[in-house]
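Return atomic coordinates for the entry below.
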Amino acid sequence: MNLIYITGSSSGLGKALAELLLEDNNNHIVGIARRETIQHERYIHYTLDLKKVINENIFQKLPSACKKVVLINNAGAVGPITRVGSQSYEEVADNYTINVIAPSFLCNQFVQAYQNEAAQKVIINVSSGAGKHPIEAWNTYCASKAALDMFSQVLQAEHPDIKVFAVAPGLVDTPMQDSIRSADEKHFPQLDRFQSYKADGDLVSAREVALKYLKIIQESQIFQEVLFSIRDF
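Modelled structure (predicted):
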């Protein structure tokens with residue numbers, strides 16, 4: 001059996017991944033989100049707000065039959081789509097907490113729990129092209145995704161026995177894109193561009209992207225780089 005933890009499992013890419021993985025009877029899923037939207041005999045839900053301090057260890061003891069254990073840090077938020085100089089402390093802190101602190105801490109817990117286990121270990125941090133290219137009004141999002149990329153590379157260097165990836169999903173039709181399209185144009189000069197992605201049919205379905213993440217989970221040994229994009233294959 002495989003045990004797979006997914007943050008942000010209540011909607012978007014996280015939910016699509018969980019539902020896709022549950023199609024295989026070998027997979028048992030632990031979803032981590034504020035809301036529970038999946039009901040399945042092989043799905044366990046942890047209700048957790050990743051903006052808040054994580055005071056519990058969600059990583060359970062591995063069953064003896066477990067061959068692979070996976071952590072997918074999918075939860076993320078684009079944050080306040082405003083320019084520097086117009087954000088509150090809480091907005092900045094919340095965005096860094098969701099996008100960097102929470103996944104970093106969950107990786108820490110994952111390593112503590114499973115570093116001595118014989119099962120194959122895989123960590124996938126959902127990255128973004130925004131971590132490599134500056135986008136006006138996405139200052140905290142771009143910075144936090146860049147930080148997550150570097151964290152992933154250091155984690156891989158420290159723990160070569162764990163396969164670690166930071167994978168950008170590309171343009172996915174998720175609730176995050178809804179938030180982006182409703183941004184204030186005076187702060188976000190690229191609003192028209194992102195609205196056109198939806199209008200022109202350029203957004204890829206969450207399930208289609210989830211199928212590519214599934215390949216990484218199933219064949220992690222063939223991927224040698226820590227950082228890459230779903231668009232690369």
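
how near is residue 144 to residue 22?
From residue 144 across to residue 22, the span is 29 Å (CB to CB, to the nearest Å). For glycine as for every other residue, the C-beta is placed from the backbone atoms N, C-alpha and C.

Also residue 223?
Using CB to CB, residue 223 is found at 23 Å from residue 22.

Please name the residues that touch the spatially most central residue of the chain.
By CA atoms, centre = their mean, the chain has its centre lying nearest to residue 74, at 1.6 Å. By CB atoms under 8 Å, 6 or more residues apart in numbering, residue 74 lies in contact with 6, 7, 8, 9, 12, 13, 14, 17, 126.

Can you get me a residue count around residue 157?
10 (other CB atoms under 10 Å).

Could you do the one 3 residues further on as well?
Residue crowding around residue 160 was assessed by other CB under 10 Å; the count is 8.

Looks to me like it is in a helix.
No - using DSSP: H, G, I helix; E, B strand; the rest coil, the assignment for residue 160 is coil, not a helix.

need the helices for this structure, in chain order.
Remark: helices assigned in the chain by DSSP state H are 12-21, 89-96, 102-114, 139-158, 175-181, 191-199, 206-218.

Please export the C-alpha coordinates of the third one as PDB.
As requested, the backbone C-alpha atoms of helix 102-114 are provided in PDB (Å, rounded to 0.1, in the frame of the first residue of the first chain):
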ATOM      1  CA  ALA A 102       3.500  25.500   6.900                       C
ATOM      2  CA  PRO A 103       5.000  23.400   4.100                       C
ATOM      3  CA  SER A 104       8.500  23.700   5.600                       C
ATOM      4  CA  PHE A 105       7.200  22.600   9.000                       C
ATOM      5  CA  LEU A 106       5.300  19.700   7.500                       C
ATOM      6  CA  CYS A 107       8.400  18.600   5.700                       C
ATOM      7  CA  ASN A 108      10.200  18.700   9.000                       C
ATOM      8  CA  GLN A 109       7.600  16.500  10.700                       C
ATOM      9  CA  PHE A 110       7.600  14.100   7.700                       C
ATOM     10  CA  VAL A 111      11.300  13.700   7.900                       C
ATOM     11  CA  GLN A 112      11.200  13.200  11.700                       C
ATOM     12  CA  ALA A 113       8.500  10.600  11.400                       C
ATOM     13  CA  TYR A 114       9.800   8.600   8.500                       C
END
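
What number of residues are in the vicinity of the residue nearest to residue 136 when sequence neighbours are not counted?
Leaving aside its sequence neighbours, residue 136 sits nearest to residue 189 (CB to CB, 6 or more residues apart in numbering; 5.7 Å). Residue 189 sits with 12 neighbouring residues when counted by other CB under 10 Å.

quick one: which of residue 144 and residue 22 has more around it?
residue 144 (27 against 17).

wait, isn't the more buried one in contact with residue 95?
Yes - if you go by CB atoms under 8 Å, residue 144 and residue 95 touch, sitting 6.3 Å apart.

what residues do those two have in common as contacts?
residue 79.

where does this structure dip in pLDDT?
Of all residues in the chain, none has pLDDT under 70.

Please report how far the closest residue to residue 76 other than its chain neighbours lies from residue 183.
Nearest residue to residue 76 in three dimensions, chain neighbours excluded: residue 99, at 5.2 Å (CB to CB, 6+ apart). In this view, residue 99 and residue 183 are 17 Å apart by CB to CB.

try residue 200
Taken as CB to CB, the span from residue 200 to residue 183 is 18 Å.

Looking at those two, which one has more neighbours?
Shown here are residue 200 and residue 183; by other CB under 10 Å, residue 183 has more neighbours (19 against 8).
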